[in-house]
Structure formats: structure tokens, C-alpha cells
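*Asks:* For reference, the sequence and a predicted model appear below.
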Amino acid sequence: MYSEKTMDKVFRSLTLRLAFWYALVFVVSSSAMFFGVYLMLARGVQERIERMLLSEAVELQSLYHSRGVGKIGAEFDREAEIDGTHRIFFRLLASDGKELVASDMRTWQDVSISRSALAQLATQDAVFESEAVLGQRHNARVLYAKAGKEHVLQIGYLPLDDERFLKEYRRGTTLMLLVGLIVVGSLGWLIVKRAMARVEGVTETAMSISQGDFTRRVAVTNKGDEIDRLAIMFNTMLDRTHTLITDLKEVTSNIAHDLRSPLTRIRGIAETTLSGEETIAPYREMAAIVVEESDRLVGIINTMLQIAEADSGIASVAITNVDLARLVHDAHTVFHPIAEDKGITLEMAVPAIPLIIVGESAQLQRVVANLLDNALKWTPAGGTIYLSAQGDVFHAKLSVVDTGLGIAEEDLPHIFDRFYRGDRSRSTPGNGLGLSLAQAFVRAHGGTITAESLPGKGSTFIVRLPRPSSPHSLCIVKK
């Protein structure tokens with residue numbers, strides 16, 4: 001025996017409910033169709049009977065006018081014998097309803113004469129009514145028609161064969177509905193079960209992932225239906241989630257490594273100071289180093305938060321119209337003295353008119369500053385850095401080109417990864433977050449940042465940002 005919990009699960013099954021509604025729709029629609037056909041058949045049968053009765057009435061009216069009342073009784077008997085006295089009867093009535101002549105009425109003894117029908121003949125040529133017949137399950141169709149100024153023909157017909165046909169139709173329809181319900185219900189169950197099996201695959205995959213198996217994916221049948229689209233989107237979400245988890249593990253590892261160095265240095269200098277002479281000078285030196293390393297830690301943490309906020313889209317920024325040409329010009333003004341001190345030539349090319357984009361000014365300034373700082377770090381004395389901005393109707397383009405040491409081929413795909421530092425960069429100051437932050441800010445503005453490099457010849461960083469619109473512009477060059 002099934003438990004109550006099992007039965008409750010079955011009846012709560014979406015598959016069962018969909019199959020039930022599928023069968024219900026079939027039964028309702030089929031019943032409506034069969035009922036409509038039945039009404040049409042019943043109406044057709046009734047109209048055929050009425051035409052037949054009117055035809056009989058016309059023949060009897062002709063006989064009545066040619067032979068009179070005395071001869072019509074024999075015709076009544078003859079016609080009743082042909083069709084069967086249990087199926088049809090004929091009566092000739094006086095205008096007040098009195099019976100004058102009739103066929104065999106033993107089957108029709110309880111059929112009365114309708115006074116209302118006789119009254120309607122004053123304005124109509126024929127009147128139809130339905131009458132119950134004793135011992136019969138079906139009503140008879142009765143016709144009242146004028147036979148002369150003072151006489152009325154009454155003809156009654158019991159449609160036994162027609163009612164038998166309608167009865168068989170009802171019985172056959174009911175049987176067909178029952179068989180159809182079973183067949184359609186079973187097919188509906190199989191179809192829905194097959195469709196829901198693919199949804200169940202999504203559920204099983206989700207359960208496996210919840211248990212830690214992030215390698216599972218939902219099978220895609222390439223049918224292009226809604227479930228395939230759900231599976232594709234679910235797999236895309238899983239890929240994205242797996243990437244985020246992998247990145248999180250990598251970032252956690254990198255953070256642990258980059259935070260360990262300043263913390264170790266702080267602990268080391270503290271232990272050295274405590275074990276040394278108790279004079280003010282060592283403690284001052286220790287305090288200075290602690291402040292320096294603490295600032296470094298805060299800087300790393302703040303940069304990580306900024307990258308996370310930019311990637312997630314939750315950062316609260318003030319979006320305004322930003323003149324990229326002016327922003328590049330200001331950056332050139334700030335970094336030009338630094339470049340001169342290092343013996344590096346910093347050149348700039350910007351449009352002569354505003355290059356308007358929509359964004360957050362502080363973040364875009366940080367992007368330009370990080371790219372320039374990176375170029376200055378890897379360009380030796382005597383080298384050149386080219387800083388330019390240009391645009392068309394749809395995009396603005398920022399370029400930073402240097403003639404520095406370049407980036408190794410194996411490092412180039414990873415330079416935007418958080419905390420990534422190539423072999424040559426490990427001996428230089430930095431935490432490997434500058435380019436990651438620039439990329440996060442550029443992506444937050446709907447743009448792209450790319451890098452090209454040849455070792456020993458220099459690197460090129462290009463930022464493309466969408467813009468509302470801008471006419472073609474001329475450039476001015478400044479050194």
C-alpha cells in the first residue's frame with residue numbers, strides 16, 4: 001500500500017496535473033463538439049419528420065377536397081397500415097375539436113386534442129406540437145392542418161427509428177469519450193512525463209551542484225524549444241558561477257599572499273624593535289613602517305572593493321557627460337613632470353573640440369592614470385609614451401602606447417587578472433591590481449580594454465567607450 005506521503009507527492013506532481021488538464025480540455029472540447037453535432041442531428045430529424053407530415057397533409061387535403069369526408073377514412077386506414085398503426089395515426093376533426101374520422105387509435109388513446117393548436121389555425125395553416133404517448137419513452141410529433149373551412153387534419157408520428165438512431169449516437173459518443181479520455185490521458189501523461197523528464201534533469205543537476213559537484217551540466221537536445229533554452233541559460237549560469245568561484249579561490253589565495261607580506265614585515269619589525277634597545281628612535285622607525293604597510297594594506301583592500309563593486313554593478317556613481325579630451329589633457333598635465341624626471345617623452349593627441357561620453361569622471365580619470373602609471377613603470381629613460389583620444393559617432397577611443405620593455409607572450413593573456421604579476425614585475429613595487437581596476441571601470445561603462453605588446457619594443461593599451469554622438473574632429477598635438 002502506498003503511504004499517505006507518497007500519494008500526496010503523486011497528486012502534487014506537476015506531471016499529473018498537466019496530464020489531468022490535458023485530458024479535461026479534451027473531454028470538454030469533444031463533449032461540446034459531439035453535443036453540437038447531436039443538436040444538429042436532432043434538429044434535422046425533427047425537420048424531416050415535419051416535412052413528411054406536411055407532405056401527408058397535402059395529399060390528404062387533396063383527397064378530402066376530391067372525395068369528401070366519407071372516403072377519407074379508408075385512406076386513413078390504408079396509410080396507417082403501410083407505416084404501422086403504432087407509428088402513425090390520422091384523424092379528421094371538426095373545428096370544435098370533435099373527432100369525425102380516425103385510423104386505428106389503440107396505440108394513441110391518450111393523445112389529446114390541443115385546443116390551443118386549434119385556436120392557432122385561425123391565423124396559421126399548420127401547427128406542430130409534441131405529445132407524450134403512453135408506454136413510449138419518446139414523444140410523438142403531431143401536426144394540425146386545415147382540411148377545409150370546418151375541418152382539421154390531425155396527424156401524429158412516433159419517430160422510433162430516428163430516436164433509436166439518436167440513442168445509438170449518444171451511446172457511441174459516450175463510449176468514444178470514455179475511450180478517448182483513457183487514450184488521451186495516457187498519451188498526455190507520457191508526453192508531459194517525457195517533457196518534464198528534461199526539467200527533472202535540471203533539478204537533478206541543481207541538486208548535484210548544491211552538494212558541491214560544480215562540474216555537472218544539463219543535457220541540451222538541440223531541439224530549440226523552451227526547455228533547451230532553459231538548459232542553455234542554466235548551463236551558462238553554472239559556467240559563470242564556476243568561473244566566479246574559481247576566481248574567488250584565486251583572489252582569496254592572492255589576497256592571502258599579498259596581505260601576508262606586509263603583515264609579516266610589521267610583525268618582524270615589531271619583534272626586532274621589542275628585542276632591541278629601548279630608545280625612542282627604533283620605535284619611531286617601527287611606527288613609520290607600520291603606518292606605511294598599513295596604508296598598503298588599506299590600499300589593496302580599497303582597490304579590491306572598488307573592483308568588486310564595479311564588476312557587480314552595485315557601486316553608487318554620479319553619471320554625467322564627460323569630456324574625454326579634457327580628461328586626457330588633464331592627465332597629461334599631471335604626469336608630464338613625472339615623465340620628465342624619468343627622462344621619458346610624454347606626447348598627447350586629443351580632439352580640438354569636446355569628445356563627450358557618458359560616465360563617471362573619477363573612475364575614468366583612474367583608468368587613464370593607471371594606464372599611464374603602468375607605461376611609465378615599464379618605459380626606460382629615453383623612451384616615449386603616446387597618449388591620445390579620438391572618436392566617431394558611436395565610440396570614443398583612448399590609446400596609451402609606449403616604447404618600453406613590452407610584455408612576455410605568456411603573460412599577455414593574464415595581465416588584467418587580479419594580483420597577476422609576471423616574472424619581471426615581481427621585483428618592482430605594486431600589487432597587480434592596477435590593470436584589473438582599469439578593466440572593471442571600463443566594463444562598468446559598457447566599454448572594452450585590450451592590450452598588444454612586443455617584448456623589447458613596447459605595449460599598446462586601447463580603451464573603447466560608447467558615446468551618444470559626436471561629429472568628426474581635428475586633433476591638436478602637444479609635447
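*Replies:* Now that the structure is in, tell me what you want to look at. Residues are numbered from 1 along each chain as shown.
*Asks:* Let me see the ranges of the helices in the chain.
*Replies:* 4-11, 14-67, 69-83, 115-120, 160-210, 226-275, 280-312, 324-341, 361-378, 434-444 (DSSP state H).
*Asks:* between those, which one is nearest to E129?
*Replies:* Among the helices of the chain, helix 115-120 comes nearest to E129, with 5.6 Å by C-beta to C-beta. All C-beta spots, glycine's among them, are computed from the backbone N, C-alpha and C.
*Asks:* Can you pull the domain assignment for the protein?
*Replies:* Following automatic domain parsing, the chain resolves into domains at 14-164, 226-312, 320-478.
*Asks:* Can I get these in JSON lines including mean pLDDT and distance to I191?
*Replies:* Listed next are the domains of the chain as JSON lines, based on pLDDT from 0 to 100; distance: least, C-beta to C-beta, whole Å:
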{"stretch": "domain 14-164", "mean pLDDT": "85", "distance to I191": "8"}
{"stretch": "domain 226-312", "mean pLDDT": "70", "distance to I191": "13"}
{"stretch": "domain 320-478", "mean pLDDT": "84", "distance to I191": "44"}
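*Asks:* how about these in CSV, adding distance to I209 and mean neighbour count?
*Replies:* Below are the domains of the chain laid out as CSV (distance: least, C-beta to C-beta, whole Å; neighbours: other C-beta atoms under 10 Å):
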stretch, distance to I209, mean neighbour count
domain 14-164, 21, 15
domain 226-312, 7, 14
domain 320-478, 25, 18
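*Asks:* possible to save those domains as a markdown table with distance to I182?
*Replies:* Output for the domains of the chain, formatted as a markdown table (distance: least, C-beta to C-beta, whole Å):
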| stretch | distance to I182 |
| --- | --- |
| domain 14-164 | 9 |
| domain 226-312 | 27 |
| domain 320-478 | 58 |
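*Asks:* Between these, which one is closest to E200.
*Replies:* In terms of C-beta to C-beta, the element of the domains of the chain nearest to E200 is domain 14-164, at 9.2 Å.
*Asks:* starting at the chain centroid, how far to the closest one?
*Replies:* From the chain centre to the centre of domain 14-164 is a distance of 60 Å (C-alpha atoms, centre = their mean, to the nearest Å).
*Asks:* same deal with stretch 181-194?
*Replies:* That offset, for stretch 181-194, works out to 25 Å (C-alpha atoms, centre = their mean).
*Asks:* and if you look at stretch 451-466?
*Replies:* The chain centroid and the centroid of stretch 451-466 are separated by 41 Å under C-alpha atoms, centre = their mean.
*Asks:* Nearest to L454, out of the helices of the chain?
*Replies:* Nearest of the helices of the chain (C-beta to C-beta): helix 361-378, 12.7 Å.
*Asks:* how about that closest one as CSV, C-alpha atoms only?
*Replies:* In CSV, the C-alpha atoms belonging to helix 361-378 read as follows (Å, rounded to 0.1, in the frame of the first residue of the first chain):
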residue,chain,number,x,y,z
SER,A,361,34.5,61.2,-14.2
ALA,A,362,36.5,59.9,-11.2
GLN,A,363,36.5,56.3,-12.5
LEU,A,364,37.6,57.4,-16.0
GLN,A,365,40.4,59.5,-14.5
ARG,A,366,41.5,56.4,-12.6
VAL,A,367,41.6,54.4,-15.8
VAL,A,368,43.8,56.9,-17.6
ALA,A,369,46.1,57.3,-14.5
ASN,A,370,46.5,53.5,-14.1
LEU,A,371,47.4,53.1,-17.8
LEU,A,372,49.9,56.0,-17.7
ASP,A,373,51.4,54.8,-14.4
ASN,A,374,51.9,51.3,-15.9
ALA,A,375,53.5,52.8,-19.1
LEU,A,376,55.9,55.0,-17.0
LYS,A,377,56.9,52.0,-14.9
TRP,A,378,58.0,49.9,-17.9
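*Asks:* What distance do you get for the nearest residue to A349 once chain neighbours are set aside to L371?
*Replies:* Leaving out its chain neighbours, the residue that sits closest to A349 by C-beta to C-beta, 6 or more residues apart in numbering is S388, at 4.1 Å. With distances taken as C-beta to C-beta, to the nearest Å, S388 is found 12 Å from L371.
*Asks:* Show me the common contact partners of these two, please.
*Replies:* Common contact partners of S388 and L371 (C-beta atoms under 8 Å, 6 or more residues apart in numbering): L398.
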